[in-house]
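Asks: turn this into a model:
(2 chains)
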Amino acid sequence: MGGLLLSVQSAASQGVLWGIMTLGVFITFRILNYADLTVDGSFALGGAVSAIIIAGGKEPLLSLFVALLAGLAAGAVTGILNTKLKIPAILSGILSMIALYSINLTVMGGKANIAMLGLDTIFVKVQYLLPSSFNRAAESLSVGLAFAVVVITILYWFFGTQIGELIRATGNNEYMVRALGGNTDTMKILGLMISNGLVALSGGLVAQSQGYADVGMGSGAIVIGLASVIIGEVIFGDRFNFYYKMASVVAGSVIYRVIIAIVLRMGLKSTDLKLFTAIIVAVALAIPVIKKPFIKPKIAERKAR
Amino acid sequence: MLKICNLTKVFNIGTINENIVLSDFNLHVKENEFVTVIGGNGSGKTTLLNMIAGVYMPEAGQIVLNGKDITKMPEYKRSALLGRVFQDPMKGTASSMEIIENLAIANRRGMSRGLGWGVKKTEKARFGEYLKLLDLGLEARLHVKTGLLSGGQRQALTLLMATLQKPKLLLLDEHTAALDPKTAAKVLNLTNELVTDNNLTTIMITHNMKDAIRLGNRLIMMHEGKIVFDVTGEEKKNLKVTDLLSRFEGISDRMLLSN
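Replies: Below you'll find the predicted structure:
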């Protein structure tokens, strides 16, 4: 039982770190209404950039900042492919994702992974600041929560501004935005930049927490992100304000990790994990269709009364 | 105010489906003119409006609005000068955003947008006053998402949004076509009020000949990308629906013969 508790605890801390990525996916998938597959590439990009900088003996916080910038650039490329070159959304993301695989290998100096064992990651640094009773999971949970709070606060502010408002409207109704003088191309590029910036930041944090960056660390990230967004929405519902929505997205990511930890302990092979994730997403997206036959009789009942 | 010279628009250029919608089209609209446009399907009415708004770029010709050549200006930049209401009520507002947010976005048409708050406190009271003009009770529902409004309410709101910043030219593309007759009449009356109260130069496409005669001070009938009938003043006021119908029939007879 103690083992389960420990693995749930470490799952929760992973969930918060991946939750930053989930916020990025939330911005494209829900706010911009854009299925962005760049995520797989930009997540690993963040990890690669962060690892190479830390391996070079620089500050871990600086490495995260550069990872964020790299993610912004990746998002801009996808956005330009889609808006200026008129390549369909999904394909633009796939192109960036594939291109980033090579770029990530180049960033890591041609190696498929970079270890940060014994180096000063942000998680090593916070050990001095936090009470000594904290274990590793508690430390990374604290770091993750701190980042999540800062990111959510900034996003809350940003999407309330005139530009943020226009990005939300662009995801809603492009005709209206253009008719009211908004440049929808710029708004899409901006949204994709912010999204991928967060994804890369999350990639950097995850790489530092696991002690290495791997060129394959982002594969399936978009599906995990979608699963987390949907889990958050299904469990916490669409109510209250934007703070609540973003918090529920991060919570969705934590719940996803906890579910995975539990099914792994119950005997699911880790090689089957991606299949399991895909099934979760497919089922969650199909919920409205699956629910239908159950809703109809209810309406009939009400009529009968 | 609006000068369109030799405007030509061809769809699917260079393919077997090539379709010349407008060819050497000319139209001058004076300040404060309220033009109603009628014409059959495929006569080029909507294309004309979309060209003025910048949705499509012309193959040839020139569009000058308020002394400014806007022929090559991108759609979002032209919007600084234009108010637009679409046929589809879904297109006019952002359905998952609140009424007040929609109004705030509309209120900044033609202005730069930055990192200031999207909805300012001072705007809230003003928007409430504006919404009272609609007489739909929306002023009490400022924070309701527009997706919850009916088609008629949305078109009325879109109309208000289009005129919140006074446009140089108001473009109405069959904006009551998707509404039931009673709601359509209400939205049309509102249109008339807003246009006359604010002295707006307006182009309105309609399929309803009665409305085309009753509203506005100039009427244009289009057919196959050309203006086939253009009346103003007393002559327009005295028009009858039967006059218009006979003209329509005259055109389609000729069309049958030429085929």
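Asks: what residues sit buried inside stretch B:23-37?
Replies: Applying a neighbour-count criterion of 16 or more other CB atoms under 10 Å in any protein chain shown, one finds B:23, B:25, B:27, B:29, B:33-37 buried in stretch B:23-37. For glycine as for every other residue, the C-beta is placed from the backbone atoms N, C-alpha and C.
Asks: just stretch A:88-95 next, same as before
Replies: Buried residues in stretch A:88-95, counted by 16+ other CB under 10 Å: A:89, A:92-95.
Asks: so which of these are in strands?
Replies: For those, not one is inside strands, with DSSP state E as the criterion.
Asks: just to revisit the earlier point, export the buried residues of stretch B:23-37 as TSV, with columns for secondary structure.
Replies: Putting the buried residues of stretch B:23-37 into TSV (DSSP: H, G, I helix; E, B strand; the rest coil) gives the following:
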residue	secondary structure
B:Ser23	strand
B:Phe25	strand
B:Leu27	strand
B:Val29	strand
B:Glu33	coil
B:Phe34	strand
B:Val35	strand
B:Thr36	strand
B:Val37	strand
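Asks: quick revisit: among the buried residues of stretch A:88-95, which ones lie close to chain B?
Replies: Among the buried residues of stretch A:88-95, no residue lies close to chain B (CB under 8 Å from any CB of the partner chain).
Asks: out of these, who's nearest chain B?
Replies: Within those, proximity to chain B (CB to the nearest CB) peaks at A:Ala89, which comes in at 19.0 Å.
Asks: quick one on the thing from earlier: which two of the buried residues of stretch B:23-37 have the greatest separation?
Replies: B:Ser23 and B:Phe34 (26.6 Å; CB to CB).
Asks: the buried residues of stretch A:88-95: which two are farthest apart?
Replies: Top of the distance list for the buried residues of stretch A:88-95 (CB to CB): A:Ala89 and A:Leu95, 11.0 Å.
Asks: ok so, going back, how about the buried residues of stretch A:88-95 in CSV, adding pLDDT?
Replies: Formatted as CSV, the buried residues of stretch A:88-95 follow (pLDDT from 0 to 100):
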residue, pLDDT
A:Ala89, 94
A:Ser92, 97
A:Gly93, 96
A:Ile94, 96
A:Leu95, 97
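Asks: among those, which lie within helices?
Replies: Secondary structure defined by DSSP state H assigns A:89, A:92-95 of the buried residues of stretch A:88-95 to helices.
Asks: for B:His223, state which of those residues is nearest.
Replies: B:His223 has its nearest neighbour among these in A:Ala89, at 39.5 Å by CB to CB.
Asks: quick one: that closest one from B:Thr183, how far?
Replies: From A:Ala89 over to B:Thr183 the distance is 36 Å, taken as CB to CB, to the nearest Å.
Asks: how about the strands in chain A?
Replies: With strands called from DSSP E, chain A shows them at A:113-115, A:212-214.
Asks: next: the stretch 1-150 of chain B.
Replies: Along the stretch 1-150 of chain B, the segments classed as strands by DSSP state E, counting those that start in this stretch run B:2-11, B:19-29, B:34-39, B:60-65, B:68-69, B:82-85.
Asks: is it possible to export the ones you listed to CSV including mean pLDDT and distance to A:Val124?
Replies: CSV is the format used below for the strands of the stretch 1-150 of chain B (pLDDT from 0 to 100; distance: least, CB to CB, whole Å):
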stretch, mean pLDDT, distance to A:Val124
strand B:2-11, 92, 63
strand B:19-29, 90, 67
strand B:34-39, 93, 71
strand B:60-65, 94, 63
strand B:68-69, 92, 61
strand B:82-85, 94, 58
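Asks: okay, the ones you listed, which one's buried deepest?
Replies: Mean neighbours per residue, mean count of other CB atoms under 10 Å in any protein chain shown, is largest over these for strand B:82-85, with a mean of 27.
Asks: which residues touch A:Ile163?
Replies: A:187, A:190, B:113-115 (CB atoms under 8 Å, 6 or more residues apart in numbering or on different chains).
Asks: A helix includes B:Asn199, no?
Replies: No - according to three-state DSSP, B:Asn199 belongs to no helix; its state is coil.
Asks: so what's it closest to, chain neighbours aside?
Replies: Distances taken as CB to CB, 6 or more residues apart in numbering or on different chains place B:Asn32 nearest to B:Asn199, at 5.2 Å, with adjacent residues excluded.
Asks: equivalent analysis for B:Val64, please.
Replies: Closest residue to B:Val64 apart from its sequence neighbours, by CB to CB, 6+ apart: B:Lys3 at 4.4 Å.
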